[in-house]
Structure formats: C-alpha cells, structure tokens
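Participant: Kindly return the folded structure for what I paste below:
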Amino acid sequence: MMLFKKVSCLVVVFLSAVAVFAKTIDPPVITVNPKDLTAKFGDTAVFSVSATGDSISFRWHTDSAGILKSIQGNSARDSIYRRLVYSMADNGKKYCCVATNSAGKDTSTSATLTVLPAPTIVKQPLTDTVNLGDTAVFVISATSIRPPLSFQWQQRVSGGAYANITGATDTLYKRGPIVAGDAIISVRCAVTDSNGTANSQNASIVITNLPLPLITADPTDVSGIRIGDTATFKISASGVVTRYQWQRDSGNSVFTNISQGGPNQQDSAYKRVTVVSDTMVRSYRCIVSNTSGSDTSAAAKLITKRPAKIVVQPTNDTVKVGETASFKVSATSLYPPLSFQWMRRIGNQYTVISGATDSVYTYPNVADSNAGMTVRCALTDSAGTITSSSASIVLGADAIPLIVKDPADVNALVGDTGITFTVSSTGQYRQFRWQRDSAGVILPSSQTDSIYRIRYAVAAADSGRKYRCIVYNTAGSDTSAWATLHVKSTGIINGCASPNQVHFTARPNVVRANRPVHFVFNTSIRGPVQLTLSIYTPLGRIIYSQTWSQKEAENGFIDGARPWDLKTASGRTVSNGTYIAVMRIKNASVLKQEKTRFKILR
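Facilitator: Coordinates of the predicted model:
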C-alpha cells in the first residue's frame, strides 16, 4: 500500500509538471486597428495597433488592392509605425499590420493616408545671365487649393545651405547691382500655403564679363610620404573662381581629371586621403576657371618613399626531432637601416617572437608538437613595414624503422580477457598497422598502436590465431614475426579425489533477484595460491571477475566462500537466463578451474 502511495505521488507530480510546461500559447488578436490619417508635406504620419496574445511580433505592410507588401526596416517591426510625408506619391496609400506568434497570426484592417497637396509651382525660376553692375531677375508662379500663398526667396554660397533673403517675399526677386562675388550664388523660392511648402528648383547667376582668375600660389612638392600617409596640395588664386579642377599625371606628362573638381566647388586644396601606391614620383596640378576663362597651376610632385623589397622569402624547413629549424629572409632598402621582427602564427593571428630580430630565425630542439609551426617576418625601414610570406617546420622521416622485439606467444584459458601483444621498435615518426592470420587469411586491423589488445573474452575457437605488426614511416617499414594465441579449455572438474584439483562444494541452482549469491569451494592445490571467480552471461560475455590470494591451510586443503551481488554487475543490469560461474586456482606450477551453471530469475 505504501508503495502504491509513492507511485501515485510521483504520477501527480509528473502530471503537474506537464501541466506547467504544456501551457497553451494564445494566438494574437488585434483589438485596436490603425486609423485613417491626413497629413501635410513634412509631417510624420503615425499608425498604431493594439493586440492581445503571448510573445507577439509586428510587421507593417502596404495594402494595394488586397495585396500586402512588407515594409522594410526596423521602424516597421513595432506596434507603432511612423512615416515621414515628403511626396504626393504617398497620397491614398493603405497601411495594415500583421501580428504573429507561434500559435498563429492576425491582420488588422487597412488605414488610408491622405496627403494634402502643397502648392504647385507652375513656372520655375531660371538662371539669369548678366554683366557686372546689371540686375539679375528671377520669377516664380504657383497655384494652391488652399490659398493664400506666401513666397520666400533663399540663397546659398558655393553649394552650402540655403538661407532666407531678407525682404524677398514676392513672386519676383531682383538682385543687383551684380558684383563678382554673385557668380557663386544660387537662389530658390519656398512657396507656402496651409497644406505645406514647396521649394522651387535652383537658379544661378552667370556673369559674362568676370575678370579672368589667376593662380597666385602654385602647389608645392610633397616628399617623404609613405604608403598609408596623407598628402595635401593647395593653390591660391585671385578673382572669382567658379570651378577648381585638380589633375594628376597618369604617365608621360598626360594629366587627367580627378573627380573631386566640380562647378561651384570652392575648395582650393586637393587632399589625397591615402597614398596607396609605391610609385616614386607623381605630379598634381589645378585648373581654376569662371565664365571668362581659366588658369592652370604649375605641377607639384608627390615623392613617395618606396618600402623595402624582399629578395629572398623564408621557406619551409624539413628537420628531424631534436634538430634545429632555420628560416631566413633577405631584403633591400632605399632608406636603411632595416629592422626585422619574426612572428609566429597562433590560431588565426601572428604574435611577436621575443628576441627574434635578425634576418635569420632559428628554433632549436624541434619536437613532434612543432610540426606545422608557421612563422613570418615583418621588415621595417623609414618608408614603412612589409611582411614576408609564411614558412613552416616540416618534420622529415628518420631512418627506416627497425623492430627490436617481436610480439610473444600468449597462453590463455577460455574466458580470459585483457590479452595483449606488444612490439618494440626504433625510428622516428613511426606508425603501426597490425594484422591477424585466421586460418591462413591475413586480415587488417584498425588498431594503430604498438600494443594490440583483444577486446573480448577469448574462446576455444580463438586458439591458433596469429598476430603480427608492420611498423612504418615515410622512409620505409619493418614487419614483425607472427605471435600465436593458445587458448586452453580445462573442462569441469568434479570433486577433490585427486591432488591439485578445485571443487565447488556448494553452488546455487536458481537465484532470485536482489540477493547475493555464495559460491563455496575447496582445493587440494598446494598454496600459496591465487583464486579468481568469474561470472559469464548466457552469450559468453564476462560480467564479473574478482581475483584474490590465499595461503594454504594446515590440512593441505583450502576451503572458502565468495559472495556475488547480482543487483548489478560491472555497471550492467543482470537479466534472466542461465549463467556460468568459473573458479580458477593456480600456484607457481598448476592452473585448474571448475565451472558451474545456475539460473537467475528476476
């Protein structure tokens, strides 16, 4: 009854645990749908949903005639979606949200975004061409569904930000008298009604009689630059420059444009961000221009320091264990002195080898573990650092291996385990391949050690099998002599009528589970002796074995008993069946054994 109560308790606890971990996940349900919105240009439209359920993820979509298309970006992965209105193309678009978890999904209704149109510019302002002292005129025309309209003219200098022009709030903007500095001015008009603001296109002032620009300071040579450094060239010019165009000598004094130059780019300096070539000399110049003409500067030279050049790369070194590996690098430098730093690869990175600062690096007393060790060298002068190719330690083979001791024959009894054959040999980087001769058929083995292990209890059928080993390396091989396994079967010995016998005097027939078994024996073998009790399964696999020593009794016979707990044997659960108990007793000259069979019922 008590056992039943315990079992019932365990079942209740188990079912409770299942109930906890099998909690149902509720699918999402949209409770608040997004609402239609009306927005102006520049506004941010905000759509939102609410939903119930566990561990919900959200994804917003556009809805085009019922076809949903996911909106990309993290901003569309929340219950709130914000969209900046900047185009009439957004007008009439529909947006919905899909809420999802592992139990299902739910889709909201769609909400429509209505964009109020900003003013429509009917006539854009145009670039005006004038002379110095004239007046430039710019005109704009616009319509609106929600008047009144207001106008604000703006200007920027050399591609900068636009700023309002004080008092310029009409459809007509006049600027004059024109001065040389107006050549780098751009204007536009911001037209506003209650729905928003529309900006016109840009318009410029083209001055036809500007004075020619003149180079007043040419760029100067830059020398001593290393790869990875930054070189800067600069010019000065008088007059109004509307364009700077830098050029580079691409060879044979042919100059080609560098893409930095452009209209209204008022930058008199060209900055070559990073020197990436070891070309010793390269020239740069600048062309300044406006509507009246141009002027070209003299060329300035970029003189680069060429780094050292490796003429001899380190190579793999093949050595034997105990020898010294050596690596060498050779280089020339235009800017001596040249320094060396050897590095060793560890994982995917190279680390500095302390003290390895010569053109030759040696590694003494190479071990087996150094096979594949990889190094390289960093060479540095005032022009920079270059890195050599990598080289490794390669372990070369020693002389052909030689077997100095063949495996020996082994005598065993049926049921013995842990039987081994061993070969001894000389030579380095040896590998072992065992073979077995079974009735004249040579079979390979997967064992690759100097010791061959029989990993089962031997039987009478194993007697006469032969084993040998082939020891080899890259230089050659040697093969051992055959060793023979001799297996003896002593049979069951009844009684102790004869000298030198062993006999079970009490043995079980049927054994119940969870009870120890006692085996009682005596022997007439003269001591001291070594005794072993072994238990075998019906399939012949040994599941228990114990060995002990005992001195001879006064009457010349040895009596004893040995218990065996069959709850578990060698970590294995014992099942029903007929088992065999074997008692082996031996002294310096005699080995005897007796077997008995018994049944186990669990």
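
Participant: what's across from residue 44 in the sheet?
Facilitator: residue 84 (DSSP bridges).

Participant: okay, it: pLDDT?
Facilitator: For residue 44, the pLDDT comes out at 90.

Participant: To what extent is the residue nearest to residue 582 when sequence neighbours are not counted buried, counted in neighbours?
Facilitator: Counting by C-beta to C-beta, 6 or more residues apart in numbering, residue 582 lies nearest to residue 534, which is 4.7 Å off, once chain neighbours are set aside. (Each C-beta comes from the backbone N, C-alpha and C, glycine too.) Using other C-beta atoms under 10 Å, residue 534 has 23 neighbouring residues.

Participant: Check the gap between the residue lying closest to residue 212 once chain neighbours are set aside and residue 183 for me.
Facilitator: Distance criterion C-beta to C-beta, 6+ apart; nearest residue to residue 212, sequence neighbours excluded, is residue 293 at 4.6 Å. With distances taken as C-beta to C-beta, to the nearest Å, residue 293 is found 13 Å from residue 183.

Participant: ok so, going back, the residue nearest to residue 582 belongs to a helix?
Facilitator: No: looking at residue 534 with DSSP: H, G, I helix; E, B strand; the rest coil, it is strand, so not inside a helix.

Participant: List the residues that contact it.
Facilitator: Residue 534 makes contact with 415, 542, 544-546, 581-582, 584 under the criterion C-beta atoms under 8 Å, 6 or more residues apart in numbering.

Participant: Relative to residue 474, which of the residues you listed is nearest.
Facilitator: For those, the residue nearest residue 474 by C-beta to C-beta is residue 542; the value is 41.7 Å.

Participant: before we move on, back to that, and residue 293 and residue 183? which has more neighbours close in?
Facilitator: Neighbours were counted for residue 293 and for residue 183 using other C-beta under 10 Å; residue 183 has more, 21 against 13.

Participant: coming back round to it: any idea what the residue nearest to residue 582 is bridged to?
Facilitator: Beta-bridge partners, per DSSP bridges, of residue 534: residue 545, residue 582.

Participant: Going forward, count from 53.
Facilitator: Understood, numbering begins at 53; the last thing we discussed is residue 586.

Participant: By mean pLDDT, which helix or strand of the chain comes out lowest?
Facilitator: The helix or strand of the chain with the lowest confidence, counting by mean pLDDT, DSSP states H and E, is helix 54-73 at a mean of 35.

Participant: Okay, now the unreliable bits of the stretch 303-452 of the chain?
Facilitator: Applying pLDDT under 70 to the stretch 303-452 of the chain flags the ranges 312-321, 323-332, 449-451.

Participant: how does it look with 90?
Facilitator: 303-306, 308-336, 342-344, 353-359, 370-375, 386-387, 399-400, 418-424, 434-436, 446-452 (pLDDT under 90).

Participant: wait, what's in contact with residue 268?
Facilitator: 288-290.

Participant: filter these to the buried ones?
Facilitator: residue 289 (16 or more other C-beta atoms under 10 Å).

Participant: so which of the contacts of residue 268 would you say is closest to residue 100?
Facilitator: Of the contacts of residue 268, the one sitting nearest to residue 100 (C-beta to C-beta) turns out to be residue 289, at 57.7 Å.

Participant: Now do the SS call for that closest one.
Facilitator: strand.

Participant: quick one: the closest residue to it other than its chain neighbours and residue 595, what's the gap?
Facilitator: Nearest residue to residue 289 in three dimensions, chain neighbours excluded: residue 340, at 4.6 Å (C-beta to C-beta, 6+ apart). To residue 595, residue 340 is 100 Å away according to C-beta to C-beta.

Participant: cool, residue 446 as well?
Facilitator: Noted for residue 446: a distance of 50 Å to residue 595, by C-beta to C-beta.

Participant: of these two, who's got more company?
Facilitator: Neighbours per residue (other C-beta under 10 Å) separate residue 446 from residue 595, with residue 595 holding more: 18 against 15.

Participant: about what we covered before: redo the contacts of residue 268 as a markdown table? Include distance to residue 153 and pLDDT.
Facilitator: Shown next, in a markdown table, are those (distance: C-beta to C-beta, whole Å; pLDDT from 0 to 100):
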| residue | distance to residue 153 | pLDDT |
| --- | --- | --- |
| 288 | 68 | 90 |
| 289 | 67 | 90 |
| 290 | 72 | 89 |
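
Participant: Many thanks, I have nothing further to ask.
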